Structures are given as C-alpha cells and as structure tokens.
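A.B. asks: Kindly generate the corresponding structure for this input.
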Amino acid sequence: MRRRVAGNLLWMLAERGFQIGVGIGVVAVLARALGPSGFAHFQYAQSIVLIAASFALVCGAEVVVPRLVATTAPASQHGLLAHAFVLRLAGGVTGYLLMCAYLGITAPEKEVWHAALWLGIAILLREPFGVVVAWMQSHTNNRPGTLFSLAALSVKAILVGGLFAAGVREITGYAAAFALEVIVLAVLLTSYYFVRVHDRDYTWQVGQARELITAGALFWISFILMMAARRVDQLVLQPSVPSADFGAYAACMQILDNFTMVASILVAGIAPTYVYARTAYAEAHASIGRIGLGIGVLGLAGGVLIAGCAPWIVRLLYGSAFDATVTLLRVAAVASALIFADVALTLLAVYLRKPRWVAIKWALVLVTTLAFDLIAIPRYGSWGAVAGYALGNGVAVLVGLALWWRHRPVREAVSA
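C.D. replies: All right, here's what the predicted structure looks like:
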C-alpha cells in the first residue's frame, strides 16, 4: 500500500514538473512570436480567464474525493460524480459569462477578445471533466490522468511550436492551441471513464447538490479570492501603462509563477509524511514551523539566484525585446520567496480543517493588494504593481504566522 501511495505521488509530482518545463518553453515561444505588445494582450486575456475559471470549482477535490472513498458502490459514485459535474459546469458557464461581461465593460482591443474567448473554453471543460481525475484519486490511481494530461500538454506544445515555425504572429492561432489542449484532455478522461464504468444511471437529487455546494463553499470562495488576489495587479496595470510595459511585467510574473509552483510541489511531497501523518498536534505544529522556515529559506535562495541571473534568463526566454523585464524580475524574484513560506504555513489550516482561515486570509490579501494597486499603479506603473505583489505576499505570510503562533500548543497540554 505504501508503495502504491508513493508511486501515485510520484506521478502527480512528475506531471507538475513536466507542466513547468513545457509551460516555460511555450511562454518563451509566445513572447518571441507575438512581441511585447501581442504578448501583453495574450497575458491580459489569460489573467481574466484564470479568475473566471475559479468559479467552476464549486465542489473541489477536497469535497468530492473523501465522499468517493466513503462510497464504494459504483452506481453511487457515478451519481456523486454526475452531480459534481453539473455543478462545476454551471459554475463554468457563470464564469464564462462574467468574463464576457467584464470584457464588454472594459472594451479591450480585439486581440484580447479573441484570445479570451478561445482561452475561456478551459473554463467550460477543465474543471467539469476534472471530476474523472477526482475519481482516479479516490482509487489511488493518478497514473492515467497524468498520462492524459501530459499527452494533451504535448499536443499544445507541438501546435505552438508548429505555428511559430510557420511564422504565425496572430494571437488567435496560439489561443486555439491552448483550447485544443483542454478539449483533448476532456475527451481522453471521458473515454477512460466510460470504458471502465458501465452503470451510469442516476437521478438528480436537489439535497445532494445542496450538500455538495455547502460542503465546498468555503474552499470555493477561498479559491476565487486567491485567484483574484494573484491576478488583480494585472487587471489594474493593463489600462494604466503602454502595452510594452505591461508585456514586460507580465513576462516577469510568468517566470515567477513557474518558479513559485515549486513550492506547491515540495509541500505536496513533504506534508503527507511530516504533517498529516502526525497524530499529535504539537508534533504537526512544530513540523509546519520547520517546513515554513526551510521552504522559505529555499525560496529566498532561489529568488536571489533568479535575480542574479535575470539578464540571462530574460534573454534566453524572451529575447532582447523584453529587456525592461530584467529590472522588474530582480526585485520581484526576491519578494516571491514569501509565497514559499505562505504555502507551507497554509498546512496548519489544512491539518486542522479550517477552510475559513484560508478564505479570511485571501480576502485580506485581495483587499490590501487592490487598495494599494489602485493608488500606486497610476503613479508608478509597473513598479507600483511589483510593490503590490510584494505587499500581498507579505500580508499572506503575516496572517499565516499569526495563526500559527496563536494556535501553538499549550505547554501543559503538551506535557500531558
């Protein structure tokens, strides 16, 4: 059993690592193909789509997987998955319509519209069909889902590379390649599930749907707030600066997004053994503190390394047209170390099953970042956005530290 769990985790980590590698390569091709202005439009559209996509996570894996594990009958499992699929699809449609409404109000350039409408297909497909991934997780079998994800990602990478080799410079073709990745993944997941599950009859039950929504509400709200907090800087910055400046900032954030994803990979590998397996709260609490310190230091070392190598990294990935990214990256890379510490400190809320803490934290981060950006970005442009990025990450870490310190084990309880 331990070997199976370890193998399942390795497949998950391998998928994330491959996603990072391919993601860096694809972004580099996009930047060179579209130039600073076109890349800015593409990244702005992607930021809007990522926020809208969070509405599709009505009942995430943390709600669906435990219920699948507790429900062994295939018919009951299918009924649960069907309800989750419908709820996520409804959330995705809501997110897509909200995205269109936002674009209609802000009236961006046509390239942004085209990119968003294509990229937005992920809002309608990724999370609804992702219920099959939750079904695989409940059976401790992530290998097929990982292989499907890697296959779809490879299709996108090949298409993007082919478009670049063909000299395509329009956003629509590249956005369509991103959309095709999600379509291929949805087809593969659905085919795999239908081949293995034959009893697919179910009756819609309002009570079960309401229970799923209620159980996942705090996780859902937390995720929406988190995505908004992570991307609100780009929404505020885009209309305040020229496209080239926004492209330089978006390129900087794209590098750091891939870098900070390492924090989630590390925590996913460490937490099951050193936190979740601890039955004594004092031991788990101490482990979280050590993990936060260790990963925070590791993030700082990586951030300093990226800052020192910023000229080479930017030239290698984006080319000389993005020289303005170098100075932004040098500062923002050091500030990104805070994300490593925040991811580790969030383990306390997960261990104690307190999603309300996560929602409160991201609400504070969003309000603080938005208020600061609205004041600083019109005056200082991209540097105001970098300062807001650092401030938001700092608030998240401070909230995590405050909760960790406030809920430290009492000495008498530890002795007992």
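
A.B. asks: Which parts of the stretch 101-250 of the chain are strands?
C.D. replies: Assigned by DSSP state E, counting those that start in this stretch, the stretch 101-250 of the chain shows no strands.

A.B. asks: what are the ranges of the helices in it?
C.D. replies: All helices of the stretch 101-250 of the chain, identified by DSSP state H, counting those that start in this stretch, fall at 110-119, 121-129, 131-138, 143-165, 171-196, 206-237, 243-271.

A.B. asks: and the fourth one, which residues are buried?
C.D. replies: Neighbour-count burial for helix 143-165, counted by 16 or more other C-beta atoms under 10 Å, picks out 143-146, 148-150, 152-153, 155-157, 159-160, 163-164. For glycine as for every other residue, the C-beta is placed from the backbone atoms N, C-alpha and C.

A.B. asks: show me where pLDDT drops low in this structure?
C.D. replies: Low-confidence segments of the chain, defined by pLDDT under 70: 1-13, 15, 410-416.

A.B. asks: one more time with 50, if that's ok
C.D. replies: Residue ranges of the chain with pLDDT under 50: 1, 412-416.

A.B. asks: Domains in it, by residue range?
C.D. replies: Segmentation of the chain into domains, based on automatic domain parsing, reads 1-204, 242-409.

A.B. asks: Reformat those domains as TSV; add distance to residue 222.
C.D. replies: Below are the domains of the chain laid out as TSV (distance: least, C-beta to C-beta, whole Å):
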stretch	distance to residue 222
domain 1-204	10
domain 242-409	4
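
A.B. asks: Could you check the ones you listed and tell me which one is nearest residue 218?
C.D. replies: Nearest of those to residue 218, taken as C-beta to C-beta: domain 242-409 at 3.8 Å.

A.B. asks: Now find how far off-centre the closest one is within its chain.
C.D. replies: With C-alpha atoms, centre = their mean, to the nearest Å as the basis, domain 242-409 stands 12 Å off its chain's centre.

A.B. asks: and the end-to-end length of that domain?
C.D. replies: Its start and end residues considered, domain 242-409 measures 52 Å (C-alpha to C-alpha, to the nearest Å).

A.B. asks: Return the list of helices and strands in contact with the longest helix seen in the chain.
C.D. replies: Criterion DSSP state H: the longest helix present in the chain is helix 2-53. Helix 2-53 is packed against helix 74-106, helix 110-119, helix 121-129, helix 143-165, helix 171-196, helix 206-237, helix 243-271, helix 310-317, with contacts defined by 3 or more C-beta pairs under 8 Å, 6 or more residues apart in numbering; DSSP states H and E.

A.B. asks: If I take it and helix 206-237, what angle do their directions form?
C.D. replies: If you take axes from the mean of the first three to the mean of the last three C-alpha atoms, to 10 degrees, helix 2-53 sits at 60 degrees to helix 206-237.

A.B. asks: Now do helix 2-53: distance to the chain's middle.
C.D. replies: 9 Å.

A.B. asks: Over to stretch 99-118?
C.D. replies: From the chain centre to the centre of stretch 99-118 is a distance of 21 Å (C-alpha atoms, centre = their mean).

A.B. asks: What of stretch 142-156?
C.D. replies: So, by C-alpha atoms, centre = their mean, the centroid of stretch 142-156 is 17 Å from its chain's centroid.

A.B. asks: buried sites along stretch 350-358?
C.D. replies: For stretch 350-358, by 16+ other C-beta under 10 Å, it's 350-351, 355, 357-358.

A.B. asks: one step back: can you tell me which of the helices and strands packed on helix 2-53 is most buried?
C.D. replies: helix 121-129 (a mean of 23; mean count of other C-beta atoms under 10 Å).

A.B. asks: which other helices and strands contact it?
C.D. replies: helix 2-53, helix 74-106, helix 171-196.

A.B. asks: returning to what we had before: please tabulate the helices of the stretch 101-250 of the chain in CSV, including the columns distance to residue 25.
C.D. replies: Converted to CSV, these look like this (distance: least, C-beta to C-beta, whole Å):
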stretch, distance to residue 25
helix 110-119, 18
helix 121-129, 19
helix 131-138, 24
helix 143-165, 7
helix 171-196, 13
helix 206-237, 22
helix 243-271, 10
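
A.B. asks: Kindly state which of these is positioned closest to residue 74.
C.D. replies: Per C-beta to C-beta, nearest to residue 74 of these: helix 171-196, 9.4 Å.

A.B. asks: how near is the closest residue in space to residue 299 that isn't next to it in sequence to residue 38?
C.D. replies: Spatially, and ignoring its direct neighbours in sequence, residue 299 is nearest to residue 340 (2.9 Å; C-beta to C-beta, 6 or more residues apart in numbering). Noted for residue 340: a distance of 32 Å to residue 38, by C-beta to C-beta, to the nearest Å.

A.B. asks: tally of neighbours for the closest residue to residue 245 other than its chain neighbours?
C.D. replies: Closest residue in space to residue 245, ignoring its immediate chain neighbours: residue 382 at 5.5 Å, by C-beta to C-beta, 6+ apart. Using other C-beta atoms under 10 Å, residue 382 is surrounded by 23 other residues.

A.B. asks: Next up, the contacts around residue 382.
C.D. replies: Residues in contact with residue 382, defined by C-beta atoms under 8 Å, 6 or more residues apart in numbering, are 237, 241, 245-246, 248-249, 324, 328.

A.B. asks: and with 7 Å instead?
C.D. replies: Counting by C-beta atoms under 7 Å, 6 or more residues apart in numbering, residue 382 touches 237, 241, 245, 248-249, 328.

A.B. asks: Make TSV out of those residues and add distance to residue 309.
C.D. replies: Formatted as TSV, these follow (distance: C-beta to C-beta, whole Å):
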residue	distance to residue 309
237	25
241	26
245	23
248	17
249	19
328	14
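
A.B. asks: Relative to residue 346, how far out is the nearest residue to residue 172 once chain neighbours are set aside?
C.D. replies: Take residue 172 and drop its neighbours on the chain: the residue closest to it by C-beta to C-beta, 6+ apart is residue 114, 4.8 Å away. Counting by C-beta to C-beta, the gap from residue 114 to residue 346 is 36 Å.
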